[in-house]
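Novice: Make a model of this:
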Amino acid sequence: MARSALALLVVGAVASPGSAAAAAKPLPQQWWFTSWGVEDRLWTSSRGQGVTVAVIDTGVQASLPDLNGAVLPGMDAESGSGDGRTDVDRTESNGHGTAMASLIAAQGRGTGLLGVAPNAKILPVVAQSKPAYAKGIRFAADRGAKVISLSQALPGACPADLQEAVTYALGKDAVVVAGAGNDGNGSNSSMSPANCAGVVAVGAVDAQFRPWVKSQRQSYVTVAAPGVQTSAILRDGKVSFGSGTSDATALTSAAVALIRAKFPNMSNREVVQQVIGSAMDVGPSGRDPQTGFGFIRPYRVFNGTVPKNGANPVFEAYDRQAKNAQKTEEPSGGGGPKGGADMASVIVLVAWVVVGAVIALVMLFVLMRRRKKGRPAPLGPVPGATPSFGAPYPQQGQMPPGPGPQGQGPGPQGYPPQGYPQQPPQQGPPQGPPQGGYAPQTHMDIPQQPRTQQDIPQQPRTQQDIPQQPPPRQ
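Specialist: Prediction:
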């Protein structure tokens, strides 16, 4: 009842999306606003203005009051038609892409729910398969998206075309974020696109910064973000409560949008390093496979307390992948296996030319001597007889004796597929909650600052503000 009154008050007070976002307050159950200090630590200098966030998902219901004016024309990477501004999700999720977009840029004009980056623009892309993910990532990069958010994925290694699309987006200065996965307490599969090199993989934690039980346990997990008992808007305009790394991914993407708006000259590589360096260790000591380097704290990036020379395992892994891919594509030089074989062939050919010339000279000498004696010159060896000189003639179709061409050695080895041993990829759209995740192979423990009251993210105002048993978001 109070929430409806708040929504009516907001709608009556403001008319434009920008002013609505500025006047509205987050709903009480949006506990991450308190934990991150969004209103007093982030919004004082950035609301995501000038930044486009691509949401590669099921499309976004752009006609909703809460998203009015925030959604740009996008694309449907599955059908090739449409602009992505209609959510095609007809599953139990009832609008997964819309929910993710609302966590990022909701205006608070219908339900009262606000996104973390309400002044950012959403670029919607419909994609439910790995080939479509690749198309969507390239499309988003070409449209200037500085953040590409993928709150879904499929089991299996990162395929070549998807890795190439991520590489393309990184070359366009985008930050690519994907969910770690939602079956950590089950099959715990490796997920792509989050296991592609260069992707920030996100796990989920609750309001007490405890890892979500279903969050993937994989070495590719980079950081963790709010993803338990979260509220979002579905395609029918209603607020839904749920949990998942999908939500954690969208909220991380929104935080990155705030950083990119605040620091427009900071490269994607620097942004990722700062996000990792801001993390608070919330799991086992040091980096762990469920929360990575820990719970991200974007306000530490804003206040300049994150070292600028910290480790960046996401881009270190990407650099290794790119280097190996380049080696695979380089042609063999003249001194390599192919060049050695060609040289051997030339030497053999020259040798046989010399031998043939010697034989011709000898035969000419014999012919001239026999002419002097009045006998006919031989036309060749007599069948079955041993030639008068040299080695036996080669038979028809045989190679001459002597050293043959050198065999060609194996070429440069291809770069192994990203990810870890897993089950074969499923066909068709993903079943169950969309999910995803990537694996930097280095280890780094972020030195922690003293846990002062000011530095530790705050918990929600009251326990009653959080739904106790929300239905899972599918």
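Novice: Just give the number of residues close to T44.
Specialist: A count of nearby residues for T44, using other C-beta atoms under 10 Å, gives 11. All C-beta atoms are positioned from the backbone trio N, CA, C, and that covers glycine.
Novice: same check, this time on D142
Specialist: D142: 11 neighbours (other C-beta under 10 Å).
Novice: Then A322?
Specialist: 18.
Novice: three-state assignment of A141?
Specialist: The three-state label for A141, taken from DSSP: H, G, I helix; E, B strand; the rest coil, comes out as helix.
Novice: Repeat that for D319.
Specialist: Applying three-state DSSP: D319 is helix.
Novice: residue contacts, it?
Specialist: If a contact means C-beta atoms under 8 Å, 6 or more residues apart in numbering, then D319 has no contacts.
Novice: how close does it sit to P284?
Specialist: To P284, D319 is 28 Å away according to C-beta to C-beta, to the nearest Å.
Novice: Also D87?
Specialist: Taking C-beta to C-beta, one finds D87 at 38 Å from P284.
Novice: So between these two, which is more surrounded?
Specialist: D87 (27 against 11).
Novice: got a pLDDT number for the more buried one?
Specialist: The model reports D87 with a pLDDT of 98.
Novice: Distance of it relative to A62?
Specialist: Counting by C-beta to C-beta, the gap from D87 to A62 is 9 Å.
Novice: How about K214?
Specialist: Applying C-beta to C-beta, the value for K214 to A62 is 30 Å.
Novice: Likewise for A140?
Specialist: 16 Å.
Novice: which residues in the stretch 101-250 of the chain form strands?
Specialist: Ranges of strands in the stretch 101-250 of the chain, per DSSP state E, counting those that start in this stretch, are 121-126, 147-150, 154-155, 175-179, 191-192, 200-205, 223-226, 230-233, 239-242.
Novice: shaky segments in the stretch 351-474 of the chain?
Specialist: 351-358, 360, 362-474 (pLDDT under 70).
Novice: oh sorry, the question was meant for the chain
Specialist: Those would be 1-23, 328-358, 360, 362-474, if you go by pLDDT under 70 across the chain.
Novice: where do the helices sit along it?
Specialist: 2-13, 17-23, 32-36, 96-105, 130-142, 160-171, 245-262, 268-277, 298-302, 313-329, 337-373 (DSSP state H).
Novice: just to revisit the earlier point, among the strands of the stretch 101-250 of the chain, single out whichever gets nearest to L258.
Specialist: Of all the strands of the stretch 101-250 of the chain, strand 147-150 sits nearest to L258, with 10.0 Å by C-beta to C-beta.
Novice: That closest one pairs with which strands, parallel or anti?
Specialist: strand 52-57 (parallel), strand 175-179 (parallel) (DSSP bridges).
Novice: Of these, flag the one that's most buried.
Specialist: Neighbour counts (mean count of other C-beta atoms under 10 Å) averaged over each of those peak at strand 175-179, with a mean of 33.
Novice: what's in contact with that one?
Specialist: Contacts to strand 175-179, defined as C-beta under 8 Å, 6+ apart, come from residues 137, 146-153, 166, 169-170, 191, 193-194, 196, 198-202, 244-246, 248-249, 252-253, 256, 260, 268, 271-272, 434-438.
Novice: now do stretch 86-99
Specialist: Outside stretch 86-99, the residues that reach it (C-beta under 8 Å, 6+ apart) are 55, 57-62, 64, 67, 76, 124, 126, 151-152, 232-236, 240, 246-247, 250, 433-434, 473-474.
Novice: For M266, list the residues it contacts.
Specialist: Contacts of M266 by C-beta under 8 Å, 6+ apart are 259-260, 274.
Novice: Against V223, how distant is it?
Specialist: From M266 to V223 the distance is 17 Å (C-beta to C-beta).
Novice: any idea how far A261 is from L42?
Specialist: 10 Å.
Novice: Have a look at the two and say which one is more surrounded.
Specialist: Taking neighbours as other C-beta under 10 Å, A261 and L42 compare with L42 leading, 24 against 19.
Novice: quick one: that one and S35, what's the gap?
Specialist: In terms of C-beta to C-beta, L42 sits 12 Å off from S35.
Novice: and if you look at G82?
Specialist: 37 Å.
Novice: what about those two, which has more around it?
Specialist: Set G82 next to S35 and count neighbours by other C-beta under 10 Å: S35 wins out with 21 against 17.
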